[in-house]
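Student: sequence? don't have it. structure:
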């Protein structure tokens, strides 16, 4: 019998793809649900529902079972009412239901401290940091990459330094960027920039260098030369691949966000997550983290869809734009 | 049955008159003493050595030779895409040093711009030459019509078959109005049937357009069927073996491929390119599993 999806390099049907897409989310959430809701799976602590006569326990507290039992022994010996509790998971692992609820309630829950940003404001701030950092990086990085991928001069001039610089971790520049741009958004945008730019030039140069040489030769035999070759042949031929690179690079930019947001004054989604963790609202922490994921995948899906619209000829070969 | 082929050099008076007329035409492309050495620090390899020939205006000249004879290098030097180590290429008294629109090239892998439609591809050289878009498009449409793709001008290359793509490539090369059309094994990637069709198409187009063709192929039949003359190279290093005049009238029709004259030239090419002494079937004797006397088991 042939099991679908297990023949090397055979594409899946649409239906099979959908089923697997669903499964790829259902499986981890399912595992999480089992750990959360089935009492005998893990549940290493006791959630106190009534402190009874104990002064050491408090309602809503999560305690070690041995401590709980020892405390109840004491209470029994002293003839006081026993504490009541049930097995529970640690506070840092909320149930899927709690996170799901937090996901919707988080937007409508006012910040605990007056003056703190709402979730929507935090997210919007993060998106802006990413946008400006990635935009500035792209404005310089993409043209440099195109030049380095096309002309040996620029490749020779840029690449050695960039190869060196890209090994320097972006967070290492935190203090320096604060010294230069102050404590607000400047250093955060700079960190996104540093984290993206050097990879970007190399990746785009590498993609550009894959431009089919016979296309250039064909254009030359039709009389094209100089910058015309760059603008009429190299750029249009590599544009779909550069676009795909940009999508991947944008994903990388998000990974620098959390680092960027703790530099200077903490802000954006990182600030929100930190605050919620301080209040021990871990459901909100999980909700906020998954929102980053959703924004990322959402942006990428929109960009992918736009790519198919920008580069219609790419679909004809079945290549992803 | 005993039969012999005519001498491939014998020509009817009609054919001889045609060759006299052809050679009386001005020389379009003059290749003199061309040599190419690929040098690397470890060894240098002579790919072409002292190759000289002339192509007359509106001539169809094929270059044929075994693999490694440097025929592709030769056409790339003529195109200006590679530099020669010695010798010169002259196009109508102008020394060739770089690629230029007067030497259009058709590549084996089509080299069409995938991001442009058929119309966009054919329009490209015209826009390069400074025509306005509407004029360029009108002219491009004429060329698309000549190669018989009028219904496909809005298609992208990836939507077309190999034969159609190569017709677009020919239309695009011709739209630049080259004096010489350089074709580097243009039908090498096509299946036999499409290839035969394309050969007829090419001859038809060539009759309609004032263009000189320099055609590289390794297909003997293709060379004989298409060409006025065939330049035969040998390998290691690439040198001229013979310049053969094909004793067949123009315009060519498929029926010409069945004539004794066709076969005579075909036979001669076979001798030059696969000489008997160089037969390497001996080496593979042990792989032949069928009995030598051809008995049916």
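Tutor: Happy to help now that I have it. Model, not experiment: these values are computed from the prediction. Numbering: from 1, shown residues only, chains lettered A, B, ... in the order given.

Student: show me the biggest helix of chain B in terms of residues.
Tutor: As assigned by DSSP state H, the longest helix anywhere in chain B is helix B:192-208.

Student: Buried residues, that one. List them.
Tutor: Within helix B:192-208, the residues scored as buried using 16 or more other CB atoms under 10 Å in any protein chain shown are B:194-196, B:198-199, B:201-203, B:205-206. In short, each C-beta sits where N, CA and C put it, glycine included.

Student: part of a strand, is residue B:36?
Tutor: Yes: per DSSP: H, G, I helix; E, B strand; the rest coil, residue B:36 lies within a strand segment.

Student: Which strand residues bridge it?
Tutor: On the basis of DSSP bridges, residue B:36 is bridged to residue B:48.

Student: How far does the longest helix of chain B sit from its chain's centre?
Tutor: Relative to its chain's centre, helix B:192-208 lies at 12 Å (CA atoms, centre = their mean, to the nearest Å).

Student: follow-up on the earlier one: let's have the buried residues of helix B:192-208 in JSON lines, adding pLDDT and distance to residue B:53.
Tutor: Formatted as JSON lines, the buried residues of helix B:192-208 follow (pLDDT from 0 to 100; distance: CB to CB, whole Å):
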{"residue": "B:194", "pLDDT": "90", "distance to residue B:53": "30"}
{"residue": "B:195", "pLDDT": "91", "distance to residue B:53": "25"}
{"residue": "B:196", "pLDDT": "91", "distance to residue B:53": "27"}
{"residue": "B:198", "pLDDT": "91", "distance to residue B:53": "25"}
{"residue": "B:199", "pLDDT": "93", "distance to residue B:53": "22"}
{"residue": "B:201", "pLDDT": "90", "distance to residue B:53": "26"}
{"residue": "B:202", "pLDDT": "93", "distance to residue B:53": "21"}
{"residue": "B:203", "pLDDT": "93", "distance to residue B:53": "21"}
{"residue": "B:205", "pLDDT": "90", "distance to residue B:53": "23"}
{"residue": "B:206", "pLDDT": "92", "distance to residue B:53": "19"}
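
Student: what is the mean pLDDT for the helix or strand just after the longest helix of chain B?
Tutor: Next in sequence after helix B:192-208, counting helices and strands by DSSP states H and E, comes strand B:212-217. Averaging pLDDT along strand B:212-217 gives 95.

Student: Just the buried residues of strand B:212-217, please?
Tutor: Within strand B:212-217, the residues that qualify as buried are B:212-217, counting by 16+ other CB under 10 Å.

Student: Which of those lies at the shortest distance from residue A:278?
Tutor: For residue A:278, the closest of the buried residues of strand B:212-217 turns out to be residue B:216, at 75.3 Å, with distances computed as CB to CB.

Student: So the residue in the stretch 151-300 of chain A that chain B sits nearest to: helix, strand or coil?
Tutor: Closest contact between the stretch 151-300 of chain A and chain B, by CB to the nearest CB, is at residue A:223 (3.3 Å). Recorded secondary structure, residue A:223: coil (three-state DSSP).

Student: Hmm, it is touching residue B:130, no?
Tutor: No: counting by CB atoms under 8 Å, residue A:223 stays clear of residue B:130, with 10.1 Å between them.

Student: who's more crowded, these two?
Tutor: Per other CB atoms under 10 Å in any protein chain shown, whichever of residue A:223 and residue B:130 has more neighbours is residue A:223, with 19 against 8.

Student: So the nearest residue to that one once chain neighbours are set aside: helix, strand or coil?
Tutor: In space, and not counting its chain neighbours, residue A:223 is closest to residue B:101: 3.3 Å by CB to CB, 6 or more residues apart in numbering or on different chains. Assigned with three-state DSSP, residue B:101 falls in the coil class.

Student: can you give me the helices in chain A?
Tutor: Assigned by DSSP H, chain A shows helices spanning A:14-37, A:65-78, A:96-108, A:119-150, A:152-165, A:174-181, A:185-208, A:213-221, A:227-229, A:235-261, A:268-278, A:282-310, A:312-315.

Student: where does chain B have low pLDDT?
Tutor: Applying pLDDT under 70 to chain B flags residues B:1-3, B:276-297.

Student: which residues touch the residue in the stretch 51-200 of chain A that chain B sits nearest to?
Tutor: Nearest residue of the stretch 51-200 of chain A to chain B: residue A:146, at 15.5 Å (CB to the nearest CB). By CB atoms under 8 Å, 6 or more residues apart in numbering or on different chains, the residues touching residue A:146 are A:204-205, A:208, A:230, A:234-235, A:238, A:242.

Student: one more time with 7 Å
Tutor: Contacts for residue A:146 (CB atoms under 7 Å, 6 or more residues apart in numbering or on different chains) come out as A:204, A:208, A:235.

Student: Then residue A:149?
Tutor: Neighbouring residues of residue A:149 by CB under 7 Å, 6+ apart: A:204-209.

Student: quick revisit: which stretch among the helices of chain A comes nearest residue B:6?
Tutor: With CB to CB as the criterion, residue B:6 lies closest to helix A:213-221 of the helices of chain A, at 39.7 Å.

Student: pLDDT averaged over that closest one, what's the number?
Tutor: 94.

Student: which helices and strands does that helix pack with?
Tutor: Taking 3 or more CB pairs under 7 Å, 6 or more residues apart in numbering or on different chains; DSSP states H and E as contact, the helices and strands that helix A:213-221 lies on are strand B:103-106.

Student: List the pairing partners of the strand it packs on within its sheet, with orientation.
Tutor: Strand B:103-106 sits in its sheet next to strand B:180-184 (parallel), going by DSSP bridges.

Student: ok, back up a step: model confidence for the residue of the stretch 51-200 of chain A closest to chain B, exactly?
Tutor: You'll see residue A:146 listed with a pLDDT of 96.

Student: how about JSON lines for the buried residues of helix B:192-208, with distance to residue A:219 added?
Tutor: Below are the buried residues of helix B:192-208 laid out as JSON lines (distance: CB to CB, whole Å):
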{"residue": "B:194", "distance to residue A:219": "26"}
{"residue": "B:195", "distance to residue A:219": "26"}
{"residue": "B:196", "distance to residue A:219": "30"}
{"residue": "B:198", "distance to residue A:219": "23"}
{"residue": "B:199", "distance to residue A:219": "27"}
{"residue": "B:201", "distance to residue A:219": "24"}
{"residue": "B:202", "distance to residue A:219": "22"}
{"residue": "B:203", "distance to residue A:219": "27"}
{"residue": "B:205", "distance to residue A:219": "22"}
{"residue": "B:206", "distance to residue A:219": "24"}
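
Student: Reformat these into a markdown table and put distance to chain A next to each item.
Tutor: Output for the buried residues of helix B:192-208, formatted as a markdown table (distance: CB to the nearest CB, whole Å):
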| residue | distance to chain A |
| --- | --- |
| B:194 | 20 |
| B:195 | 20 |
| B:196 | 25 |
| B:198 | 18 |
| B:199 | 22 |
| B:201 | 20 |
| B:202 | 18 |
| B:203 | 22 |
| B:205 | 17 |
| B:206 | 18 |
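
Student: now for those, which pair is the farthest apart?
Tutor: Largest separation among those by CB to CB: B:194 and B:206, giving 18.1 Å.

Student: What is the burial count for residue A:73?
Tutor: Neighbours of residue A:73 under the rule other CB under 10 Å: 11.

Student: count of residues packed around whichever residue of chain B sits closest to chain A?
Tutor: Chain A sits closest to residue B:101 of chain B, with a gap of 3.3 Å, by CB to the nearest CB. If you count neighbours by other CB under 10 Å, residue B:101 ends up with 19.

Student: Quick check: phi and psi on it?
Tutor: Backbone geometry at residue B:101, expressed as degrees, to the nearest 10, gives phi -70, psi -10.

Student: How about residue B:91?
Tutor: Note on residue B:91: its backbone torsions stand at phi -110, psi 110 [degrees, to the nearest 10].

Student: At the contact with chain B, which residues of chain A appear?
Tutor: A:214-215, A:217-218, A:220-224, A:236-237, A:313, A:316-317 (CB under 7 Å from any CB of the partner chain).
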